[in-house]
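> what follows is a protein structure lacking sequence information:
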């Protein structure tokens, strides 16, 4: 078995191209010079760690798909836009969000305004740049809220089983049957919408998905022998849950995080489109309805924010597909 | 027999869910800002009047009794009067008038989406990595991340920038045409029954844009699921057995594989329904369809609490009954589900 793997590895090594070969040769030799006692490690017998090998295979498969790479590139561009927004945008946040330029309403793209202007003469390019940060903040925080509570609930109900499981799952089934977005709209309308409330509500809506996923994953992991071994050794329930089960049942969660962020970006777009955004902050969906009324004379004002929403959501969906291909061998080459 | 048992059990869980919806909406009404008693009193009022009004509204009773009264009111359609929209109209009348217009669009788009989603998913899954499969995958990647209202925007944008420019830009019927007579409240059915076929054609013509947007959003979900499950099933042993028996490939695909691959797609459409309801509100807002979504949107803008609460209740019932129907379809198609 080990022999075959070594053989495969050497085959792979020979198929590398010239550039990477030479660069790796340089790095190999530099290691000997600069790292003390490095050669000693190098002289040890080459025992291949099987898990290590599987990980490498995963990474290769994951990167094999060009669509995944597209997704990663989109996400990195979007995240860097969110981080460096004030460097990229030509106008200040105040000008883009609150200012009123009386002569500039619905102006076509020009030297001063690369993507044209929208309502109140505000620069569309600056608006979509500044909007990136808040959409991402809402999506990431809401996902982390639903992640923490969903994992906790799912793990407890999957690990203990019995009436605890029945009780938690009944509640979760009930929450799942609700039309979440409609509830979010009602609550945001009643209590004066703001970004913080959006985060909390979207986070709560996401809890049941993660709880269900975690529960099924935990129930699978619980049956393995190393869990019974840990029990025999005398590990506490807490230790088994956090040290043994959690790392081994995290893969499906990791896959769905990426999908969920994409889904949340669409939900945020719908909410802000309907006017449940935050007047203090720019969100992509905020002005689409005003721009839609001016579709005839200013198509750019509705096109660019919606293009931004689609691109961001698409990036996360593509990454999710790639992650699923890499981490879930059952789905390889099957997922669209 | 097991199907009947499954249905009874499913009805029971749906009832539990409806009761929990009622309880949660009751606590939302408790937490609303403002005093409900003051709204129904004149500007100057005495302590006595206040207490009398409070007693009349049943607010002096314990919370548990109030909850029971609230539940009874909600279930019997006694949803109170609208505050702001149309002051004299009952919320029940408003919703009965508006809901069918949304249901029509949702129902038609759902049927088309399920039909074409299953078909395309079957084709893509059965011919893995072929030309059709690649085409379908590219389409699904294009549309997977587009919300319905943005799709409508794009369709309208294309519509006004091409010389054809024939699709209607807004509304659920041509503005000058009369309203269809009120018989069942479903405009399509009403116009057919009363024999106004020009109105029927007009309604259908105005439905093209919103329905196609809603169809695409749901179709992609169903298609992806069906393709994955189809590929999964085509590799299983009973397909090999069927091939060994000498059935034609088309027969195997349609009778053996597809029947087993239907369930995940329909279940996926059930899960996505909550988001689709939210998307439907945005669609109605953008395309000016005076349906349930527009009513709900107006109520949230004017803080019309009775309408908001009734809308939440009705939307929940729509979602629950849709989940129930999808579960029922899956159970009829797939006997394995019933046993679980």
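Structure received. Worth saying up front: this structure is predicted, and the values here are computed from it rather than measured.
> all contacts plus neighbour counts: C-alpha atoms, from now on.
Fine.
> quick one: the helix or strand hosting residue B:231 to chain centroid distance?
Using DSSP states H and E, residue B:231 falls within helix B:197-234. What separates the centre of helix B:197-234 from the centre of its chain is 13 Å, taken as C-alpha atoms, centre = their mean, to the nearest Å.
> and it, what's buried?
Buried residues in helix B:197-234, counted by 16 or more other C-alpha atoms under 10 Å in any protein chain shown: B:199-200, B:202-204, B:206-207, B:209-234.
> could you pull up the mean pLDDT of that helix?
What helix B:197-234 shows for mean pLDDT is 90.
> over to stretch B:326-340?
79.
> touching chain A at all, it?
No. Contact of stretch B:326-340 with chain A (C-alpha under 8 Å from any C-alpha of the partner chain) is absent, the minimum separation being 12.4 Å.
> pick out the residue of the stretch 1-150 of chain A closest to chain B.
Proximity to chain B, evaluated over the stretch 1-150 of chain A using C-alpha to the nearest C-alpha, is greatest for residue A:67 at 9.6 Å.
> element containing whichever residue of chain B sits closest to chain A, please.
Of all residues in chain B, residue B:274 sits closest to chain A, at 4.2 Å by C-alpha to the nearest C-alpha. Element membership for residue B:274 (DSSP H and E) is helix B:273-287.
> so for the helix or strand hosting residue A:156, mean pLDDT?
Residue A:156 is part of helix A:124-160, with elements assigned from DSSP H and E. In this model, helix A:124-160 has an average pLDDT of 93.
> tilt between whatever helix or strand comes next after that helix and helix A:124-160?
The helix or strand immediately downstream of helix A:124-160 is helix A:162-177, counting by DSSP H and E. Angle of helix A:162-177 versus helix A:124-160, following axes from the mean of the first three to the mean of the last three C-alpha atoms, to 10 degrees, is 150 degrees.
> helix A:162-177 close to chain B?
Yes. Judged by C-alpha under 8 Å from any C-alpha, helix A:162-177 and chain B are in contact via A:174, A:177.
> ok and that helix relative to helix B:273-287, angle-wise?
Using the same axes, to 10 degrees: helix A:162-177 against helix B:273-287 is 20 degrees.
> got the angle for the helix or strand following helix A:162-177 vs helix B:273-287?
Going down the chain from helix A:162-177, the next helix or strand is helix A:180-190, by DSSP H and E. Helix A:180-190 runs at 60 degrees relative to helix B:273-287, counting by the same axes, to 10 degrees.
> got the contact list for helix A:180-190?
A:194, A:197-198, A:201-202, A:205, A:267, A:271, A:276, B:32-33, B:274-275, B:277-278, B:300-301, B:303, B:308, B:312, B:315 (C-alpha atoms under 8 Å, 6 or more residues apart in numbering or on different chains).
> and if you look at stretch B:312-331?
A:177-179, A:182-183, A:186, B:3, B:7, B:10-11, B:14, B:17-18, B:21-22, B:25, B:262-263, B:266-267, B:270-271, B:273-274, B:277, B:337-338.
> domain assignment for chain A?
For chain A, automatic domain parsing gives the domain ranges A:2-43, A:63-335.
> so who does the nearest residue to residue B:192 once chain neighbours are set aside touch?
In space, and not counting its chain neighbours, residue B:192 is closest to residue B:200: 6.3 Å by C-alpha to C-alpha, 6 or more residues apart in numbering or on different chains. Residues near residue B:200 by C-alpha under 8 Å, 6+ apart: B:188, B:191, B:192.
> just the pLDDT for the residue lying closest to residue B:197 once chain neighbours are set aside.
Nearest residue to residue B:197, sequence neighbours excluded (C-alpha to C-alpha, 6+ apart): residue B:191, at 6.5 Å. Predicted confidence (pLDDT) for residue B:191: 89.
> spit out the contact partners of residue B:191.
Residue B:191 touches B:180, B:181, B:197, B:199, B:200, counting by C-alpha under 8 Å, 6+ apart.
> before we move on, back to that, how about the domains of chain A, which one is nearest residue B:40?
domain A:63-335 (19.3 Å; C-alpha to C-alpha).
> how many neighbours does residue A:88 have?
Applying other C-alpha atoms under 10 Å in any protein chain shown, we find 15 residues neighbouring residue A:88.
> which residues touch it?
By C-alpha under 8 Å, 6+ apart, the residues touching residue A:88 are A:81, A:129.
> roughly how far apart are the closest residue to residue A:123 other than its chain neighbours and residue B:305?
Counting by C-alpha to C-alpha, 6+ apart, residue A:123 lies nearest to residue A:117, which is 4.6 Å off, once chain neighbours are set aside. Between residue A:117 and residue B:305 the distance is 37 Å, computed by C-alpha to C-alpha, to the nearest Å.
> of those two, which one has the most company?
residue A:117 (27 against 21).
> for that one, give me its contacts.
Here residue A:117 is in contact with A:104, A:105, A:106, A:107, A:108, A:109, A:123, A:124, A:301 (C-alpha under 8 Å, 6+ apart).
> again, only this time at 10 Å
Counting by C-alpha atoms under 10 Å, 6 or more residues apart in numbering or on different chains, residue A:117 touches A:96, A:101, A:104-110, A:123-127, A:298, A:300-301.
> quick revisit: the residue of the stretch 1-150 of chain A closest to chain B looks like it's in a strand, true?
No. Residue A:67 is assigned helix when assessed by DSSP: H, G, I helix; E, B strand; the rest coil, not a strand.
> circling back: buried residues in the following helix or strand past the helix holding residue B:274?
Per DSSP H and E, the first helix or strand lying C-terminal to helix B:273-287 is helix B:292-302. For helix B:292-302, a neighbour-count test (16+ other C-alpha under 10 Å) marks B:292, B:293, B:294, B:295, B:296, B:297, B:298, B:299, B:300 as buried.
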